[in-house]
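Enquirer: turn this into a model:
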Amino acid sequence: MRFLLIILALFSLTATAEVVSISLPMDNTKLKPLALPGYGLAQSKCHLCHSVDYVMYQPPEMNLKEWTGEMYKMRNEYGAPISDDEAKFIAAYLSVAYGSAKETDEEIITLTKLANAKIIYHPDNLDVQSLLSDNNCLTCHKASEAPSHNTLSIKEMRAKYEGIDNAVYELGSAIKLGGNGMPKPPINRRESDALAKFILEEGGK
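Expert: Here you go, the predicted model:
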């Protein structure tokens, strides 16, 4: 009888419990403003994957090489929507703002000049020809005839994948992970899908 009364009491407490809602504060964290090209990129890109204060939790003495490695990890392993160059420019900014680098360092000056001299493309409007050139894709994968029996030409890749279900996804996966005789390139998934779409629609004709 005592056991039954305990059960009934617990049930009564559960039945009358109110749902409590919790409102979390908005993330108002702001990056340190600096006159470096990577500052604007970091403002527009970093929050797409994580809160801005994630940056503040990194070791304070990280240098340019370490920040660049971190940005490549975000890009290549986690699919951050940034190009190869954007990763370098953001790393330059972060290494100065939150690490041990200085704006007067030779490497930072070189990256700043490079950023100011070119148009940085956005992942939603990828420059496929630049991707092909920057990653030396056409060295091994000629348009119509591959230089090795271990690799496929652009035309052969198109013939292999066109017409199959989810062709862009399947070819993009092979490009991203290294397939069809190619090594694993330093690109993210959006870029590999852009290359796959190009090969299937234009590059293999």
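Enquirer: tell me, what residue is most central in the chain?
Expert: In the chain, the residue lying closest to the centroid (C-alpha atoms, centre = their mean) is Ala80, at 2.1 Å.
Enquirer: next, that one: secondary structure please.
Expert: Following DSSP: H, G, I helix; E, B strand; the rest coil, Ala80 is assigned to coil.
Enquirer: separation between it and Pro186?
Expert: 13 Å (C-beta to C-beta, to the nearest Å). (C-beta placed from N, C-alpha, C; glycine too.)
Enquirer: ditto for Arg158
Expert: 23 Å.
Enquirer: what does Leu132 give?
Expert: 14 Å.
Enquirer: more neighbours: which of these two?
Expert: Using other C-beta atoms under 10 Å as the criterion, Leu132 and Pro186 rank with Leu132 on top: 18 against 13.
Enquirer: residues contacting the more buried one?
Expert: For Leu132, the contacting residues are 138, 195, by C-beta atoms under 8 Å, 6 or more residues apart in numbering.
Enquirer: lowest-scoring secondary structure element of the protein by mean pLDDT?
Expert: Scoring the helices and strands of the chain by mean pLDDT, DSSP states H and E places helix 2-16 at the bottom, with a mean of 54.
Enquirer: just the buried residues of the helix or strand encompassing Phe89, please?
Expert: In the assignment (DSSP states H and E), Phe89 maps to helix 84-97. Across helix 84-97, burial judged by 16 or more other C-beta atoms under 10 Å covers 84-97.
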